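Student: this is the structure alone, sequence omitted:
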């Protein structure tokens, strides 16, 4: 579960922001795309200059919100430890070419080792053995579907 949140919209009070924190904690988001409000010319909000929130306040609120989101993200990822997840293989990890990277059905990034190469687009059963803020780690149990890549694309003459 993800969301987008703008922090420091003109007129946002500390009470408003506390409500945002409470909702974020209750929902337990996997991640959130958080942004500090910036005025856009031609919008009604850009005209509310007397209601702008101080930049230092918005930065402090952003840090508080990120802490809440990060705690829930780690908790949700750790809850997957011990489960076997279906992972679509994307290819070698950017940081370690001996490790493969893929995505679960919930779009969680998952890193796992494989003694044999596995084609991009293949599906694998991976037991989750570890969790971080933005990824899972696991052990390959089996390749459940091997991707079939076409080498030639037929073209119909017309």
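Tutor: On my side now, so go ahead. Bear in mind that the values here come from a model prediction, so they are computed numbers and not experimental data. Numbers count the residues shown, from 1 in each chain.
Student: packing partners of the longest helix anywhere in the chain?
Tutor: Counting by DSSP state H, the longest helix found in the chain is helix 55-78. Packed against helix 55-78 by the contact rule (3 or more CB pairs under 8 Å, 6 or more residues apart in numbering; DSSP states H and E) you find strand 2-7, helix 14-27, strand 31-36, strand 123-131. Bear in mind the C-beta positions are built from the backbone N, C-alpha and C, glycine included.
Student: list of residues touching the third one?
Tutor: Surrounding strand 31-36, the residues in contact under the criterion CB atoms under 8 Å, 6 or more residues apart in numbering are 2-8, 24, 55, 58-59, 62, 65-66, 69, 73, 134.
Student: in CSV, list the helices and strands packed on helix 55-78 along with mean pLDDT, distance to residue 103 and mean neighbour count.
Tutor: Shown next, in CSV, are the helices and strands packed on helix 55-78 (pLDDT from 0 to 100; distance: least, CB to CB, whole Å; neighbours: other CB atoms under 10 Å):
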stretch, mean pLDDT, distance to residue 103, mean neighbour count
strand 2-7, 95, 14, 14
helix 14-27, 97, 22, 13
strand 31-36, 93, 14, 16
strand 123-131, 98, 10, 18
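Student: between the ones you listed, which gets nearest to residue 150?
Tutor: strand 123-131 (17.9 Å; CB to CB).
Student: determine the set of other helices and strands touching the closest one.
Tutor: helix 55-78, strand 84-92, strand 109-113, strand 135-145.
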